[in-house]
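1. Show me how the following folds:
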Amino acid sequence: TMKVLDVVGLVLVGAFWGCTNPWLRKGSAEAKANEKPKKKLWQSVLKFQNLQVWLPYALNQAGSVVYYILFATSNSDLTLAVPICNGMALVFS
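-> This is a model prediction of the structure:
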């Protein structure tokens, strides 16, 4: 059985994931447009110097941390939690 707090946490995860995905896409596209041809690893490092890339990435990863904490500390049913998170991410994006 899922508690109300678990459902709120899963909606929060969906909000983190859904709201940051378009922001990540936009920041990465802008960073890619400004980059010069270099080595792949160095390009990735340079992208993280851009606030429009690392801030949404950090928020997205915060959602992932909440997601894993919910499963570690609650009795959330995985067959319900995954569709709830993914559905909420779709709604928020």
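2. can we go C-alpha only for contacts and neighbour counts from here?
-> Noted.
3. Would you mind measuring from the closest residue to residue 18 other than its chain neighbours to residue 70?
-> Nearest residue to residue 18, sequence neighbours excluded (CA to CA, 6 or more residues apart in numbering): residue 89, at 3.8 Å. In this structure, residue 89 lies at 16 Å from residue 70, with CA to CA, to the nearest Å as the measure.
4. These two: which has the busier surroundings?
-> It is residue 89, of residue 89 and residue 70, that has more neighbours when counted by other CA atoms under 10 Å, with 22 against 19.
5. picking up where we left off before, how about the residue nearest to residue 18, what does it touch?
-> Under the criterion of CA atoms under 8 Å, 6 or more residues apart in numbering, the contact partners of residue 89 comprise 13, 14, 15, 16, 17, 18, 19.
6. in which helix or strand would I find the last one?
-> I take that to be residue 19. Here residue 19 is covered by helix 4-34, with elements defined by DSSP states H and E.
7. Now do the buried residues in that helix.
-> With burial defined by 16 or more other CA atoms under 10 Å, the residues of helix 4-34 counted as buried are 6-7, 9-21, 23-24, 27-28, 31.
8. Does the residue nearest the centre of the chain lie in a helix or a strand, and which?
-> Within the chain, the residue whose C-alpha comes closest to the C-alpha centroid is residue 60; the distance, by CA atoms, centre = their mean, is 2.5 Å. When elements are assigned from DSSP H and E, residue 60 belongs to helix 51-73.
9. Going by neighbour count, which residues of that helix are buried?
-> Counting neighbours by 16+ other CA under 10 Å, one finds that the buried residues in helix 51-73 are 52-57, 59-61, 63-64, 66-67, 70.
10. Show the average pLDDT along the helix or strand that it is followed by.
-> Per DSSP H and E, the first helix or strand lying C-terminal to helix 51-73 is helix 78-92. This predicted structure assigns helix 78-92 an average pLDDT of 89.
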